[in-house]
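Novice: Structure for the following, please:
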Amino acid sequence: MTDSRFKDHLGRPIIAVTGMGVITSLGQGLSDNWSKLTSGKSGIHYIKRFDTEGMSTRIGGTVDFIAVPANNAVERSYALARETTIEALAQAGINGDFNGPLFLAAPPVEPEWHDRFALAERAPASTQPGDAYDRFLAAMREQPDPVFLEAVQFGSISERLSDKFGTRGLPVTLSTACASGATAIQLGVEAIRQGRTERALTVATDGSISPEAVIRFSLLSALSTQNDPPEKASKPFSKERDGFVIAEGAATLVLESLESAVARGAKVLGIIKGCGEKADHFHRTRSSPDGGPAIATIKAALADAGLSEDAIGYINAHGTSTPENDKMEYGAMLSVFGDRLKDAIPCSSNK
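Specialist: Numbers count the residues shown, from 1 in each chain. Down below sits the predicted model:
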């Protein structure tokens, strides 16, 4: 019979974190990032990957120190995820095949502009309106391009990670916008709680900064235009905020049941007590102004963890630094935590 020490308040397996890996525009690895963070360094800089002349936003957190075989979002995102997973598995003390499911949060995949133009140039001439798709397919059949094909398949990152690290079952790739990483963690937690596995590999990666990405977010008025100095642009919850700063990075967590971790002598880095997730149908890119879905999510996570509002001693907020979202998010947190939010609960944002 399973020891009750390894069960939570609802009789489910307690979830432990036994491995972590991270890459950001600050640097590679837990030690490098922590050292720079605690010394007050910023990973935001002027974008050098492409020409930003004439663009309203010219800054970002590009990761340009990891070599990739082709200049596209899939190759960059895979490389970042690969390196963070190597670090996490080493810390967890797991060698060989992982033998558990993979849940990957990844950015939407689209061909880079230069790849689209190259394909269009070698496509046959148009013979009738609306035949672009058929022409592009004809060009691909005449001259197959494995690199381009890999770059336009949403599931290719997770499939390559699965092959490299020996995960079990079909890898799951998901994209729930800014909640993607948290969603991947929750899927891993639920897989272990439901008894489907003893361990899960949860990865989030995004190497998709391109001219098109910056322009699209700029058209939504979501990006900060305070380019000078770059490291001062992101200022969540401040009066001078004007948008977020786009950046790249990846992180990996090794999750496993506490019982499994203890049995194999693994170091437990932390416990995931609870998760909460809700959908917001208000608008495709805007949050509900009354904060209803955010309030419900916080309360769902507390209930899942079996904790009261008074048990919370720190909040890591979304903190987009956009005028509308920060106002909504602060209101949602204030609704749940009351006056303790003002002077008793430290709150910050990784952004």
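Novice: residue boundaries of the strands in the chain?
Specialist: 15-24, 27-28, 45-46, 59-60, 102-105, 172-174, 199-206, 249-257, 270-272, 315-316, 347-348 (DSSP state E).
Novice: Please state the offset of the fourth one from the chain centre?
Specialist: On the basis of C-alpha atoms, centre = their mean, to the nearest Å, the separation between the geometric centre of strand 59-60 and that of its chain is 18 Å.
Novice: Contacts for it next, please.
Specialist: 25, 44-47, 209, 214, 224, 227, 230, 233, 245-248 (C-beta atoms under 8 Å, 6 or more residues apart in numbering). Placement of C-beta: from N, CA and C, glycine included.
Novice: Sheet partners, orientation included, of that strand?
Specialist: Strand 59-60 pairs in its sheet with strand 45-46 (antiparallel), by DSSP bridges.
Novice: Can you give me the distance of Arg340 to Met328?
Specialist: 19 Å (C-beta to C-beta, to the nearest Å).
Novice: which of the two has more neighbours?
Specialist: Met328 (25 against 15; other C-beta atoms under 10 Å).
Novice: for the more buried one, what are its contacts?
Specialist: By C-beta under 8 Å, 6+ apart, the neighbours of Met328 are Ser287, Ser288, Pro289, Asp290, Gly291, Ala294.
Novice: Type out the ChimeraX command that picks the buried ones from these.
Specialist: Only the buried entries of these go into this ChimeraX selection, using 16 or more other C-beta atoms under 10 Å:
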select :287,291,294
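Novice: closest one to Gly188 among the strands of the chain?
Specialist: strand 199-206 (3.5 Å; C-beta to C-beta).
Novice: who does the closest one pair up with?
Specialist: strand 102-105 (parallel), strand 249-257 (antiparallel).
Novice: CSV please, covering the ones you listed and showing mean pLDDT.
Specialist: Output for the strands paired with strand 199-206, formatted as CSV (pLDDT from 0 to 100):
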stretch, mean pLDDT
strand 102-105, 98
strand 249-257, 98
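Novice: Out of the ones you listed, which is closest to Glu309?
Specialist: Nearest of those (C-beta to C-beta): strand 249-257, 25.5 Å.
Novice: Next, the angle from that closest one to strand 15-24.
Specialist: 170 degrees (axes from the mean of the first three to the mean of the last three C-alpha atoms, to 10 degrees).
Novice: Could you give me the buried positions within stretch 148-161?
Specialist: For stretch 148-161, by 16+ other C-beta under 10 Å, it's Phe148, Glu150, Ala151, Val152, Ser156, Ile157, Ser158, Glu159, Arg160, Leu161.
Novice: which among the residues you listed gets closest to Gly306?
Specialist: Checking the buried residues of stretch 148-161 against Gly306 by C-beta to C-beta gives Ser158 as the nearest, at 32.2 Å.
Novice: Now render the strands paired with strand 199-206 as JSON lines, adding mean neighbour count and distance to Gln186.
Specialist: Below are those laid out as JSON lines (neighbours: other C-beta atoms under 10 Å; distance: least, C-beta to C-beta, whole Å):
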{"stretch": "strand 102-105", "mean neighbour count": "28", "distance to Gln186": "9"}
{"stretch": "strand 249-257", "mean neighbour count": "27", "distance to Gln186": "10"}
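Novice: Any chance of TSV for the ones you listed, columns distance to Ala177?
Specialist: Formatted as TSV, these follow (distance: least, C-beta to C-beta, whole Å):
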stretch	distance to Ala177
strand 102-105	10
strand 249-257	16
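Novice: Let me see the ranges of the helices in the stretch 201-350 of the chain.
Specialist: 211-219, 258-263, 292-305, 323-337, 340-343 (DSSP state H, counting those that start in this stretch).
Novice: Can you say which of these is nearest to Ala16?
Specialist: helix 258-263 (4.5 Å).
Novice: Farthest pair within the contacts of strand 59-60?
Specialist: Asn227 and Glu248 (18.0 Å).
Novice: And the closest residue to Ser162 other than its chain neighbours, how close does it get to Pro211?
Specialist: What sits nearest to Ser162 in space, not counting adjacent residues and going by C-beta to C-beta, 6 or more residues apart in numbering, is Pro171, at 4.3 Å. According to C-beta to C-beta, Pro171 and Pro211 sit 30 Å apart.
Novice: Check Leu37 too.
Specialist: Taking C-beta to C-beta, one finds Leu37 at 29 Å from Pro211.
Novice: What of Gly181?
Specialist: Distance of Gly181 to Pro211, given as C-beta to C-beta: 25 Å.
Novice: again with Thr85
Specialist: 29 Å.
Novice: For Ala70, give me its contacts.
Specialist: Val147, Ala151.
Novice: Next, it: phi, psi?
Specialist: phi -150, psi 150 (degrees, to the nearest 10).
Novice: how many neighbours does Pro293 have?
Specialist: Pro293 - counted by other C-beta under 10 Å - has 18 other residues nearby.
Novice: Where does pLDDT dip in this structure?
Specialist: 1-2, 351 (pLDDT under 70).
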